[in-house]
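A.B. asks: Starting from these lines, generate the structure:
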Amino acid sequence: MRVLFVIFCLPCLCFAQLSLEGKPEFLQGEIVAKRDINSRFCAALQVISKLDGFSYDANNGVVDVEDKPGKDMVYLSPDERMVEIYHSGFEPLRLILSEVGIELKPKQVWRIKISAETTGNLVPVNIITNPEDATIFIDGKEQTKQGTYKLGPGRHHIEVGQNGYETQSRDIEVSTDQTLFEFELAKRVDPVINIDSDPSGVTVWLDGVKLGETPVSRFYPAGQYQLRLEKNGYVDVERAIEITAPATEKHYALERNICWLSVKTSEAARVYLDDKRVRQLDRIELEPSVVEIRVEQSKAEPLARQVVLKRGEHVKVEMIPEVATGTIRVAVAPFEARVELHGDAGERFEATGAYTFTEIPVGHYELTATASGYIEQSETLTLNEDEMITKSLKLEEITIESDVNNSALNKLGVALVLVEGGSFQMGSDFGEYDEEPIHRVSVDDFYMGKTEVTCKQYGVFCDATGRDVPSGNRMDRGSRPVVNVSWNDAVAFCRWLSGETGMTFRLPTEAEWEYAARGGQKSRGYKYSGSTSLDEVAWYTSNSGYRAHTVAEKQANELGLFDMTGNVMEWCRDGYDYDYYKKNPADNPKGDSSSDSRVMRGGHFLSQRVLCHIANRYEHKPTESFTHFGFRLAASVE
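C.D. replies: Purely as a prediction, here's the structure:
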């Protein structure tokens, strides 16, 4: 809506022209203490006039104005050269200071007198604005939105503004012939502000208002703003920006607010930064800060240190705890035996043959000596500070007779026992449901390996076929059972051995395995394979130290078979079926041929006691292998 403001002015005399009266006067007794933006002492003009309501401007800008009736004090920069004086209804008065005899200097004051001259009657002026409630400024003075304006003839500066609209300003010439002036304000269209950053996800603030995380695109009013960008791990960015139409685009690359810390210490030590455990000790990336470093190690006093980390710095510290040490000397036969020391704080030392272990931490150690074909020997030692312990170990050779005289088997060290066939009650009524029901099964004669296949025996197979040795196996521990073998691996070994010996080797069926574990026709009805005492015949969690042991160290069962109840789990030939016992044939059952899983039997070194009974069943995929998976051989009697 366009609104007409009509201003009626009564005829009267007015001062339409401002002028300098007399000469400027230097005031010697006046001193200025105010400073300008550059911290220089100001100069000042004391303006004397019968008029009030003056406004002022200068080339360098007016520093300050003290407005008093009839006497204004105008503070200027000491190098100012021009001043303009304004008053509503009068032409502005422009003073070139040097031309009127004023030479400004810091702290000095000059006095000038301003008078007004009449030029005629006031002129009634009509101003039309759209929108109707726009704010009007005449010669820098805000006016009421409705009322009477009395303007003298001549030039006047008009400014019209309103929220949501573009401000409009211009100079007008007032005369008796020119009294109508129109101001049409255009609606303001906010420009688009687009801000992105490297990295993205940076929080954007404009004058304390959160816009979001980069990339940010918003419509925002044009103008000058203080921008701040924030992101954890980066240096904040603060900039003054101007938003202008139609769009303003900004891109900022933030600098990483990081530093680095490297801690050198012993392998057994634990390092904490501000009470948080860290394991990567080289070039730890941190924000600049004060960090508390603590290093702990068993059998040593903890170390603590505070470091100041500054942006961009790489601080390196060395904190090695002092641990009391001693010496353990070990002589062993056979000479190629493997010697190991396992400490109570996780220490581990190894050697082949006689060796002196020097400067090792004090504490309790398990000393173990192993050699292929020999019974493993272990002993617990307690080492004190600066003490030397000397031990001489002689391992006992393993002698296992075989029921089969085959040169290839003898060379490989494979001993077999003939298991005469018969019938037995298979399953259990106190275990898992897949062990039920107890049912009668018959098996034919077969051969069974007296021990699980060992690392040494499997290593010969790997060497002959180019097959990789499974992880977790070491050939210098040749008399320990091979582990980490899958069902497929075990079957491949059986086929290779069949070709080497002329016999037909395979994995035992589940029924054959349980029949042999129970002692076959010589069974005495033991709960475990060979005894009612689990510790006599098996390695399990309570006595294994969570590792496999040399075969045949424990007592054999009634048939001369070792470790059937506990050392490693053993693959069987059968496919697994949870309900197989409810439907399997009574004679020589061979499992579910359609199953994609295979049966495993026997306790192992990670088994709890309750899982070591003879009837316990497991299932695994034929491709799976773990640190407690092994196997033993079977062969049909031809």
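A.B. asks: what does the helix or strand where residue 511 lies rub up against?
C.D. replies: Per DSSP states H and E, residue 511 falls inside helix 510-517. Outside helix 510-517, the residues within contact range by C-beta atoms under 8 Å, 6 or more residues apart in numbering are 419, 422, 424, 426, 441, 443, 446, 448, 508, 529, 557, 559, 561, 564-565, 570, 572-574, 588-589, 591, 599, 601-602, 614-615, 617, 634. Glycine gets a C-beta too; all of them are placed from N, C-alpha and C.
A.B. asks: Please pick the buried ones from those residues.
C.D. replies: Taking 16 or more other C-beta atoms under 10 Å as the criterion, what is buried in these is 419, 424, 426, 441, 443, 446, 448, 508, 529, 557, 559, 561, 564-565, 570, 572-574, 589, 591, 599, 601-602, 614-615, 617, 634.
A.B. asks: Please go through the chain and pick out the longest helix.
C.D. replies: In the chain, taking DSSP state H as the definition, the longest helix is helix 487-501.
A.B. asks: mind checking how far it is from the chain centre?
C.D. replies: Counting by C-alpha atoms, centre = their mean, to the nearest Å, helix 487-501 is centred 48 Å from the centre of its parent chain.
A.B. asks: Packing partners of that helix?
C.D. replies: helix 407-412, helix 455-465, strand 505-506 (3 or more C-beta pairs under 8 Å, 6 or more residues apart in numbering; DSSP states H and E).
A.B. asks: Can you list the helices and strands that the second one packs against?
C.D. replies: Contact analysis of helix 455-465 by 3+ C-beta pairs under 8 Å, 6+ apart lists helix 487-501 as its packing neighbours.
A.B. asks: how about the helix it packs on: buried residues?
C.D. replies: Those would be 487, 489, 490, 491, 493, 494, 496, 497, 500, 501, for helix 487-501 by 16+ other C-beta under 10 Å.
A.B. asks: Can you name the residues in contact with it?
C.D. replies: Under C-beta under 8 Å, 6+ apart, the answer for helix 487-501 is 406, 408-409, 412, 414, 453, 458, 461, 464-465, 467, 470, 485, 503-507, 571, 598, 620-625, 631, 633.
A.B. asks: For residue 74, name its beta-bridge partners.
C.D. replies: Per DSSP bridges, the residues bridged to residue 74 are residue 45, residue 65.
A.B. asks: Which of the contacts of helix 487-501 are buried? Put it as a ChimeraX command.
C.D. replies: Buried subset of these, written as a ChimeraX selection, criterion 16+ other C-beta under 10 Å:
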select :409,412,414,453,458,461,470,485,503,505,506,507,571,598,620,622,625,631,633
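A.B. asks: So what sits opposite residue 239 in the bridge?
C.D. replies: For residue 239, the beta-bridge partners are residue 227 (DSSP bridges).
A.B. asks: Contacts for the helix or strand following the helix holding residue 511 next, please.
C.D. replies: Per DSSP H and E, the first helix or strand lying C-terminal to helix 510-517 is helix 534-537. By C-beta under 8 Å, 6+ apart, the residues outside helix 534-537 that reach it are 528-531, 540, 542-543, 554-557, 563-566, 609, 612.
A.B. asks: So among those residues, which ones count as buried?
C.D. replies: Judged by 16+ other C-beta under 10 Å, buried ones among the contacts of helix 534-537: 528-531, 540, 554, 556-557, 563-566, 612.
A.B. asks: For these, could you give me CSV that also reports pLDDT and distance to residue 282?
C.D. replies: Listed next are these as CSV, based on pLDDT from 0 to 100; distance: C-beta to C-beta, whole Å:
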residue, pLDDT, distance to residue 282
528, 96, 51
529, 97, 51
530, 96, 53
531, 96, 53
540, 97, 41
554, 93, 46
556, 95, 53
557, 96, 54
563, 97, 45
564, 96, 49
565, 95, 48
566, 96, 43
612, 94, 46
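A.B. asks: of all these, which comes closest to residue 155?
C.D. replies: Nearest to residue 155 out of the buried ones among the contacts of helix 534-537 is residue 540 (C-beta to C-beta; 108.2 Å).
A.B. asks: Does residue 225 touch residue 238 like I think?
C.D. replies: No: when contacts are counted by C-beta atoms under 8 Å, residue 225 is not listed as touching residue 238 (11.2 Å).
A.B. asks: ok, those two, which is more surrounded?
C.D. replies: The neighbour comparison of residue 225 against residue 238 (other C-beta atoms under 10 Å) goes to residue 225, with 19 against 10.
A.B. asks: tell me the secondary structure for that one?
C.D. replies: strand (DSSP: H, G, I helix; E, B strand; the rest coil).
A.B. asks: residues in contact with it?
C.D. replies: 206, 207, 240, 241, 242, 243.
A.B. asks: nearest residue to it other than its sequence neighbours?
C.D. replies: residue 206 (4.6 Å; C-beta to C-beta, 6 or more residues apart in numbering).
A.B. asks: So that neighbour versus residue 241, what's the distance?
C.D. replies: In this structure, residue 206 lies at 8 Å from residue 241, with C-beta to C-beta, to the nearest Å as the measure.
A.B. asks: Looking at these two, which has the bigger crowd around it?
C.D. replies: Taking other C-beta under 10 Å, residue 206 and residue 241 do not tie; residue 206 has more neighbours (19 against 15).
A.B. asks: isn't residue 226 right next to residue 237, touching?
C.D. replies: No: look at residue 226 against residue 237 with C-beta under 8 Å: they stay out of range, at 11.3 Å.
A.B. asks: okay, the two: which has more neighbours?
C.D. replies: Taking neighbours as other C-beta under 10 Å, residue 226 and residue 237 compare with residue 237 leading, 17 against 12.
A.B. asks: what sits against the more buried one?
C.D. replies: Counting by C-beta under 8 Å, 6+ apart, residue 237 has contacts 227, 228, 229, 252, 254.
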